[in-house]
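A.B. asks: sequence and computational prediction follow.
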Amino acid sequence: QAFSCIDQNRDGIITKADLKETYSQLGKMNVSDEELEEMLKEGKGPINFTVFLTLFGEKLNGTDPEESILNAFKLFDPAGTGTVNKDEFKQLLLTQADKFSPEEVEQMFAVTPIDVSGNIDYKSLCYIITHGDEKE
């Protein structure tokens, strides 16, 4: 939801114009281009949804959010297998609470560890969210 709020033009990439408009809506009009460019440099390239998650994971590192995220996933894994079914999880993301768009779901699944049976290894996903994707 935060990504969608910042991606003002809804193109899937957070740009300097998106950041400037977000700050403007929050009442801060005097953000310099240099400040915005420094923010964007943290992404080391275009800031799409996956990079956004990684950046937030890096910022949250050390506050132990991984345990909270794991506990949330465990609600969908009563047998304690460490996995949730991709299709069932996708349906929940698209229809419940702060609904994801189909594009956001696909962006998330692009970095999500999914086995041949279609199950998400949510422990690995939690690590990626909180520490970043080691492949990147």
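C.D. replies: That came in fine, so what should we check first?

A.B. asks: what does Ile14 show for phi and psi?
C.D. replies: phi -90, psi 120 (degrees, to the nearest 10).

A.B. asks: how many other residues sit next to it?
C.D. replies: Ile14 has 24 neighbours, counted by other C-beta atoms under 10 Å. Where C-beta positions appear, they are placed from N, C-alpha and C, glycine not excepted.

A.B. asks: next: the one 3 residues further on.
C.D. replies: Other residues near Ala17 number 11, with proximity taken as other C-beta under 10 Å.

A.B. asks: OK, contacts around it?
C.D. replies: By C-beta atoms under 8 Å, 6 or more residues apart in numbering, the residues touching Ala17 are Gln8, Asn9.

A.B. asks: tell me the confidence at it?
C.D. replies: pLDDT for Ala17: 94.

A.B. asks: now the one 4 residues further on
C.D. replies: Residue-level confidence at Glu21 comes out at 92, pLDDT.

A.B. asks: in what helix or strand does it lie?
C.D. replies: helix 16-25 (DSSP states H and E).

A.B. asks: next secondary structure after that helix?
C.D. replies: Once helix 16-25 ends, the next helix or strand along the chain (criterion: DSSP H and E) is helix 33-41.
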